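S.K.: What would the 3D arrangement of this be:
(one chain, ligands or ions: 2)
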Amino acid sequence: MIRRGPELLLFDCGEGTQRQFLQAKAGINRKMRILISHFHGDHVFGLPGMLHSLSFMGRKRELEIVGPKGLAELITSINRVVKFYANFDLRIREVRPGQTIRDADYRIRVSAGKHGIPCLAYAFEEDPRPGRFDPKKAKKLGIPEGPLWKRLQSGRDVKVNGRRIRSEQVLGPSRRGVKITYAVDTRPCAQIVNLARGSDLLIHDSCFDESAAAKARDYGHSTAAEAARVAKKSKCRKLALFHISAMYEDASPLLTQAKTIFRESILPQDMVTVSVPV
Ligand SMILES: [Zn+2]
Ligand SMILES: [Zn+2]
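M.R.: Numbering: from 1, shown residues only. Ligands and ions are numbered 1, 2, ... in the order given. Now for the predicted structure:
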């Protein structure tokens, strides 16, 4: 889950998500999107429980669920059988690889992973932010401190005594936004390398260690080392090894293997928060 100010982006909703979600005290009435990668059970079995819990706990705001073709049918079928009572509007958005979801100040690019069934990967990209404000320059230009400064800081122009001041006159170069890519249940592939390019954080399928490389290939997953190669090729800043097979009681060898290729690899445990600085 990406927690961005007051907003939440939850990627996939496997069994147990509702419990973890409540434990994380993520907030039940925030602006929120759930993005589903594909329809294997471990990525969607949590949806009915999640929707029911959110409604039961008092969610009122609209909730958007994004996913591949078939999502609307899935939600309708669940609802037909178990009749969850959502006290909020549910917006279903089916997307295809190549599409982009736009929001006020970020976008989510959709691409295809390489798995047994159609599987989507998502890249969350913030728009570039205005550069740093220079108060000295503002004072020199005779702009009084207050609302006009605020306006300039947000990248908008102002008028002072009939004179137009452009925000660029008082702002430094614009700063890039955060980029986080989520690619699970996938073989390493060129589409993901392209999608992830320049990410601050890449969350990538790392189901197996190198001794089980054949298994990874057969089941449409990646080894930790393969994930590390994707992170390196796409020049990411950090790699989170994710979707580790339950057969590993101790997954530290996966981390060691990834680190030999891409040093900035991490193996996050449940409920861990990773800060992504800009
Ligand atoms: Zn899968
Ligand atoms: Zn899976």
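
S.K.: who's in contact with the one helix or strand Thr260 maps to?
M.R.: For Thr260, the element it lies in under DSSP states H and E is helix 252-261. The contact list for helix 252-261, computed with CB atoms under 8 Å, 6 or more residues apart in numbering, reads 206, 208-210, 223-225, 227-229, 232, 239, 241, 244, 248, 265-267. C-beta coordinates here come from the backbone N, C-alpha and C atoms, glycine included.

S.K.: among those residues, which are in helices?
M.R.: Within the contacts of helix 252-261, residues falling in helices by DSSP state H are 224-225, 227-229, 232.

S.K.: Between the residues you listed, which sits nearest Thr181?
M.R.: Top of the list for closeness to Thr181, among these and by CB to CB, is Ala227 at 11.4 Å.

S.K.: Now do the same contact list for that closest one.
M.R.: Shown in contact with Ala227 (CB under 8 Å, 6+ apart): 188, 202, 204-206, 239, 241, 258, 265.

S.K.: ok so, going back, show me which of the contacts of helix 252-261 are buried.
M.R.: Buried subset of the contacts of helix 252-261 (neighbour count, 16 or more other CB atoms under 10 Å): 206, 208-209, 223-225, 227-229, 232, 239, 241, 244, 265-267.

S.K.: quick one: which of the residues you listed is nearest Val82?
M.R.: Nearest to Val82, judged by CB to CB, of the buried ones among the contacts of helix 252-261 is Ile244 at 30.6 Å.

S.K.: Got the phi and psi for Ala112?
M.R.: Backbone torsions of Ala112, given as degrees, to the nearest 10, read phi -110, psi 130.

S.K.: Which member of the buried ones among the contacts of helix 252-261 is positioned nearest ligand 2?
M.R.: Ile244 (10.8 Å; CB to the ion).

S.K.: what's around the residue lying closest to the closest one once chain neighbours are set aside, how many residues?
M.R.: Leaving aside its chain neighbours, Ile244 sits nearest to Ala251 (4.9 Å; criterion: CB to CB, 6 or more residues apart in numbering). By other CB atoms under 10 Å, the residues close to Ala251 number 17.

S.K.: residues touching Ala251, list them.
M.R.: Listed by CB under 8 Å, 6+ apart, the contact set of Ala251 reads 241, 244, 267.

S.K.: Give me the distance between it and Arg217.
M.R.: 19 Å (CB to CB, to the nearest Å).

S.K.: go on, Asp12?
M.R.: Going from Asp12 to Arg217 by CB to CB gives 22 Å.

S.K.: Comparing these two, which shows the higher neighbour count?
M.R.: Asp12 (23 against 14).

S.K.: Now do the contacts for Ile266.
M.R.: The contact partners of Ile266, taken as CB under 8 Å, 6+ apart, are 238-241, 255, 274.

S.K.: For stretch 203-219, measure first residue to last.
M.R.: 19 Å (CA to CA, to the nearest Å).

S.K.: Is that stretch positioned near ligand 2?
M.R.: No. If you take CB under 5 Å from the ion as the test, stretch 203-219 misses ligand 2, and the best it gets is 8.0 Å.

S.K.: The chain should start at 3 in everything you say after this.
M.R.: Renumbered: residue one is now 3, and that last one reads stretch 205-221.

S.K.: Now find how far off-centre that stretch is within its chain.
M.R.: The chain centre lies 22 Å from the centre of stretch 205-221; the measure is CA atoms, centre = their mean, to the nearest Å.

S.K.: go on, stretch 106-126?
M.R.: 9 Å.

S.K.: So for that stretch, what gets flagged as buried?
M.R.: By 16+ other CB under 10 Å, the buried positions in stretch 106-126 come out as 108, 110-117, 121-126.

S.K.: before we move on, what about stretch 255-266?
M.R.: Buried residues in stretch 255-266 (16+ other CB under 10 Å): 256-257, 259-261, 263-264, 266.

S.K.: For these, give me a markdown table that also has distance to Gly51 and pLDDT.
M.R.: Shown next, in a markdown table, are the buried residues of stretch 255-266 (distance: CB to CB, whole Å; pLDDT from 0 to 100):
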| residue | distance to Gly51 | pLDDT |
| --- | --- | --- |
| Leu256 | 29 | 98 |
| Leu257 | 31 | 98 |
| Gln259 | 35 | 98 |
| Ala260 | 32 | 98 |
| Lys261 | 36 | 98 |
| Ile263 | 38 | 98 |
| Phe264 | 35 | 98 |
| Glu266 | 35 | 98 |
